[in-house]
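Enquirer: any chance you can model this:
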Amino acid sequence: MTSQLTANKIDSLLSGRVKIAQAKDYKATIDSVLLADFVLRHYNDNGNSKRGHRNKQPSAIAELGVGTGAVMLCVLHYFARYNIGVDYDGYDCNQHFLDLAQESLRLNGYDAPNIMLHHCDIRDISNRNCYDAVVMNPPFLAFDEQAGMERANMRSRALYEGEVKLADWLNMAGKLLNQQGWLFMVHQAERLSEIIVHMQKFGAITIMPIHSYHEKAAKRILLAAQLGSKAGVRIMPSLVMHDAGGDYTAQAQKILQGE
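Expert: Purely as a prediction, here's the structure:
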């Protein structure tokens, strides 16, 4: 382990149930926990499935832009709770983030060949049609000149698109998934129309708006979609993060605590 790694802070998620090695200038956000919870509820909620049956549990998951591993760690924790065994491949172009993710796997006792991290441009992934689910939390902000100047900074690289555009992320997700496989993502609500344009091969699109406060417009969305499905769009009840006093709502607190 490098000295750069050991200098980074060790934090926790889900009320201390998950440990994560964080980068000094970029830390995992609440979005990662919300996305992991969204994935879990899809596979473990009778109400989401036809005829009251749970959706088929995945045996192989790919995460595009795995970063320091926050989503991955939470998904693995949740799946272990329900005895769901899964192969998990995380892809990222940032080797430092991958080193931190590997350290986080060690901190949480994951040392198995079914969990693999891969250093690459997501556009260069050669696997095809081999995953039951693809999970991703792509950069939210479209490229601009100022972002290009700042991309040497880790936080900017995580927040702003570079050469890899949103269309590239969605295109690769479609190539990686088995037919009838599921895509899960979190993104900015204002880019929903752009997302939909690039999802012509997907159906059964499910959207959960995320609001900071009840009276505010949604800034984030959680989205699930099934490759090859002809089903229409479904809008889920919104998740409101804060009450009028600024505290987390009961629903948000339950998710963030991993309950």
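Enquirer: can you give me the helices for the chain?
Expert: For the chain, the helices identified by DSSP state H occupy 3-6, 30-44, 70-81, 95-107, 145-150, 154-159, 166-176, 192-197, 250-256, in order along the chain.
Enquirer: in a markdown table, list those helices along with mean pLDDT.
Expert: Rendered in a markdown table, the data for the helices of the chain read as follows (pLDDT from 0 to 100):
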| stretch | mean pLDDT |
| --- | --- |
| helix 3-6 | 46 |
| helix 30-44 | 95 |
| helix 70-81 | 95 |
| helix 95-107 | 95 |
| helix 145-150 | 49 |
| helix 154-159 | 56 |
| helix 166-176 | 96 |
| helix 192-197 | 95 |
| helix 250-256 | 96 |
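Enquirer: what is the neighbour count of residue 33?
Expert: Residue crowding around residue 33 was assessed by other C-beta atoms under 10 Å; the count is 22. Bear in mind the C-beta positions are built from the backbone N, C-alpha and C, glycine included.
Enquirer: check residue 58 too.
Expert: By the criterion of other C-beta under 10 Å, residue 58 has 24 neighbours.
Enquirer: what residues are up against it?
Expert: Taking C-beta atoms under 8 Å, 6 or more residues apart in numbering as the criterion, residue 58 is in contact with 43, 84, 86, 131, 132, 133, 181, 182.
Enquirer: need the max-distance pair from those residues.
Expert: Spatial extent of these (C-beta to C-beta) is set by the pair 84 and 181 at 15.8 Å.
Enquirer: quick one: which of these two has more around it?
Expert: Set side by side, residue 84 and residue 181 show unequal neighbour counts under other C-beta under 10 Å, the larger going to residue 181 at 25 against 16.
Enquirer: gap between the closest residue to residue 202 other than its chain neighbours and residue 17?
Expert: If you skip the residues right next to it in sequence, residue 202 has residue 225 as its closest partner in space, 3.9 Å away by C-beta to C-beta, 6 or more residues apart in numbering. As for residue 225, its distance to residue 17 is 29 Å (criterion: C-beta to C-beta, to the nearest Å).
Enquirer: could you check which of those two has the larger neighbour count?
Expert: Neighbours per residue, other C-beta under 10 Å: of residue 225 and residue 17, the larger number sits with residue 225, 27 against 15.
Enquirer: bridging residues for the more buried one?
Expert: With DSSP bridges as the criterion, the beta-bridge partners of residue 225 are residue 183.
Enquirer: the residue nearest to residue 202 touches residue 182, doesn't it?
Expert: Yes - checked against C-beta atoms under 8 Å, the pair residue 225 and residue 182 is within contact range at 7.1 Å.
Enquirer: pull the contacting residues for the residue nearest to residue 202.
Expert: When contacts are counted by C-beta under 8 Å, 6+ apart, residue 225 touches 182, 183, 199, 202, 203, 204, 205, 206.
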